[in-house]
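J.: what's the 3D shape of this:
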Amino acid sequence: MNKFVGRYEELEILNEKFSSNKSELFILYGRRRVGKTTLIQKSIEKRDAFYYIFSKSSYKQELESFRKTISEDLNTYFQETNNFYDLFEQIVKQNPNLIIVLDEFTYLIETKKEITGEFQKIWDVLLKNTQIKLILSGSSISIMEQNVLSYNSPLFGRRTGQLKLKEFKFNELKEFFPKVKKEELFKIYSTYGGIPLYLELYDQNSSYLDNIKATFCNKSSILYEEADFLLREELREPEIYFKILEQINLGATKLNEIATKANVLPNNIHKYLHRLELLEIIKREEPITIENKKLGLYKIQDKFFRFWLTFIYPNQRYIELKKLDFISEELKKISLPFSKTFEEEAIHFIYSNLKFTIEKIGSWWYKHEEIDILGISQRDKNILFGECKYESKKMEFDVFENLLLKKDKVLWNINKRSEEFVLISKAGFTKKIIEEANKRDNLHLFTLENFF
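T.: Model (predicted):
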């Protein structure tokens, strides 16, 4: 699978910038492997553009490499210089309408943090009043947000646009895998997430199990050590972050609990969790309707990390020993990555497809009570209660009965609200639930099939 898939909205944004009759300073960033380079290369097809990707060489080496490459690509000799400003001065005189893409700009920042000040001057003095389009792209989210986009950056206020490239959504995977059945497609998404490079490794002519063996359980595959690589590239002290992620995935969701089990000082845990939130590996959630920050819980947000932590990390010894039959049996036992993704996608589906108004949706918990899905509309006083089951058996009627018991624990507009109920089951429903739904206007039933 090497064809360009999706990204229609993102391409439109870039095409609009490239077609403008003024200069543009556009920032494109997103996690590694998310497809920035592919998007850029697609967007500059058939355009007068120069693309350059930085490496981790010294400032002097990068400058000289950039000079030689642009001289060759534009068939124009640019004189040697000691800085990018002097080189851009030459470029602007020769090519006043050029698109210049600087990929992995974060590597240059790591080499010389003052480079953002140099590019501020390049923009203010040389580019601002031309028709040159300058695109700065980077894979280190923390460096891009702190050194390029933040208020303290010399480039703050200069950009004419920005785009944080996200992974593909579940319903977009059909373009990647037109031959794959829906349940397998969901398992792929729960395992590999929506990261294009990971999805390209999946052979849709082989089984899901064989793909896991060929990617996650194969030492020559990039996915074998990908989680470790991502943390080491982005973070200092990756071992501590691994401990934190491991404990969250095992069920430690509260601040002090995470700190204790990961053996991190309580005063330091905030900074570690904040960095993981910036990278969108974890997220912090508060129960819908309850404004109490002490009730907030941390959860693994990144699907790839969730699968890796649940299945690969605890079984690395067996993978090393090539005990793949044992691995196959263990894979049949796990449910966490799939059930969590099922709940997340159910929330997205409901929010986007139900006909009654819901302004806020998520989960709800208080003391020992939990409701998988809770949605509210403050304006219309609508409230929605929902339960999800990613199981091979049909949902039983007692799930709905328990939901009816729990709903009155949610005290939001208790005597003024209009109540709706949603049940989402992978395997469908027993006859009794279907009959109940036929009697009620406010009970809605959905399965995995509805997500497509």
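J.: can we go C-alpha only for contacts and neighbour counts from here?
T.: Will do.
J.: so, low pLDDT: which residues of the protein?
T.: Applying pLDDT under 70 to the chain flags residues 1-3.
J.: buried ones in the helix ranked longest in it, by neighbour count?
T.: With secondary structure taken from DSSP state H, the chain has its longest helix at helix 336-353. For helix 336-353, the buried set under the neighbour-count rule, 16 or more other Cα atoms under 10 Å, comprises 336-347, 350-351.
J.: figure out how far it is from the centre of its chain.
T.: 15 Å (Cα atoms, centre = their mean, to the nearest Å).
J.: give me the contacts around it.
T.: By Cα atoms under 8 Å, 6 or more residues apart in numbering, the residues outside helix 336-353 that reach it are 170, 186-187, 190-191, 303, 306-307, 310, 358, 361-362, 372-373, 388-390, 424, 451.
J.: domains in this structure, by residue range?
T.: 8-164, 172-334, 344-451 (automatic domain parsing).
J.: does Phe311 belong to a helix, a strand or coil?
T.: Assigned with DSSP: H, G, I helix; E, B strand; the rest coil, Phe311 falls in the helix class.
J.: Leu231 contacts Pro238, doesn't it?
T.: Yes - if you go by Cα atoms under 8 Å, Leu231 and Pro238 touch, sitting 5.7 Å apart.
J.: which parts of the chain are strands?
T.: Applying DSSP state E to the chain gives strands spanning 24-29, 49-53, 99-103, 133-138, 161-164, 282-285, 297-300, 360-366, 369-377, 382-389, 418-425, 443-447.
J.: show me what counts as buried in stretch 266-274.
T.: Under 16+ other Cα under 10 Å, the buried positions of stretch 266-274 are 269, 272-273.
J.: cool, and stretch 273-284?
T.: By 16+ other Cα under 10 Å, the buried positions in stretch 273-284 come out as 273, 275-277, 279, 281-283.
J.: nearest to Leu324, out of the residues you listed: which one, please.
T.: Proximity to Leu324 was ranked across the buried residues of stretch 273-284 by Cα to Cα; first place goes to Ile281, at 28.0 Å.
J.: quick check: closest non-adjacent residue to the closest one.
T.: Closest residue to Ile281 apart from its sequence neighbours, by Cα to Cα, 6 or more residues apart in numbering: Asp302 at 4.7 Å.
J.: give me the number of residues near that neighbour?
T.: Residue crowding around Asp302 was assessed by other Cα atoms under 10 Å; the count is 19.
J.: got a list of what it touches?
T.: 193, 280-282.
J.: and of these, the nearest to Glu89?
T.: For those, the nearest to Glu89 is Glu280 (38.6 Å; Cα to Cα).
J.: quick check on the closest one: phi, psi?
T.: Here is the backbone geometry of Glu280 (degrees, to the nearest 10): phi 60, psi 30.
J.: pretty sure it sits against Gln301.
T.: Yes - Glu280 is in contact with Gln301 according to Cα under 8 Å; the separation is 6.5 Å.
J.: gap between Gly194 and Thr253?
T.: Gly194 sits at a distance of 25 Å from Thr253 (criterion: Cα to Cα, to the nearest Å).
J.: have a look at these two and say which one is more surrounded.
T.: The neighbour comparison of Gly194 against Thr253 (other Cα under 10 Å) goes to Gly194, with 22 against 19.
J.: against Ile358, how distant is Ser377?
T.: 5 Å.
J.: same check on Tyr208?
T.: 36 Å.
J.: residues contacting stretch 219-228, please?
T.: For stretch 219-228, the surrounding residues in contact (Cα under 8 Å, 6+ apart) are 198, 214-218, 238, 305, 308.
J.: could you do stretch 270-285 as well?
T.: Applying Cα under 8 Å, 6+ apart, the set of residues contacting stretch 270-285 from outside is 31, 141-142, 241, 296-302, 305.
J.: now, the most widely separated pair of those?
T.: Within those, Arg31 and Gly296 form the most distant pair, 25.5 Å apart (Cα to Cα).
J.: neighbour count winner among those two?
T.: Set Arg31 next to Gly296 and count neighbours by other Cα under 10 Å: Arg31 wins out with 21 against 17.
J.: I'd like the buried residues of stretch 273-284 as TSV, with distance to Tyr52 appended.
T.: Formatted as TSV, those follow (distance: Cα to Cα, whole Å):
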residue	distance to Tyr52
Leu273	34
Arg275	29
Leu276	29
Glu277	30
Leu279	25
Ile281	29
Ile282	32
Lys283	34
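J.: which one of those residues is nearest Glu12?
T.: Distances from Glu12 to these, taken by Cα to Cα, are shortest for Leu279, at 25.6 Å.
J.: and Tyr208 and Ile358? which has more neighbours close in?
T.: Neighbour comparison, Tyr208 and Ile358: the larger count goes to Ile358, with 21 against 17 (by other Cα under 10 Å).
J.: need the contact list for the more buried one.
T.: Counting by Cα under 8 Å, 6+ apart, Ile358 makes contact with 351, 375-377, 382-383.
J.: now swap in Leu265 and tell me
T.: Counting by Cα under 8 Å, 6+ apart, Leu265 touches Ala259.
J.: do you know how far it is from Val125?
T.: The value you get for Leu265 to Val125, if Cα to Cα is used, is 48 Å.
J.: please apply the same query to Phe242.
T.: As defined by Cα to Cα, Phe242 lies at a distance of 45 Å from Val125.
J.: those two - which one has more neighbours?
T.: Set Phe242 next to Val125 and count neighbours by other Cα under 10 Å: Phe242 wins out with 17 against 12.
J.: and the gap between that one and Ile143?
T.: Distance of Phe242 to Ile143, given as Cα to Cα: 20 Å.
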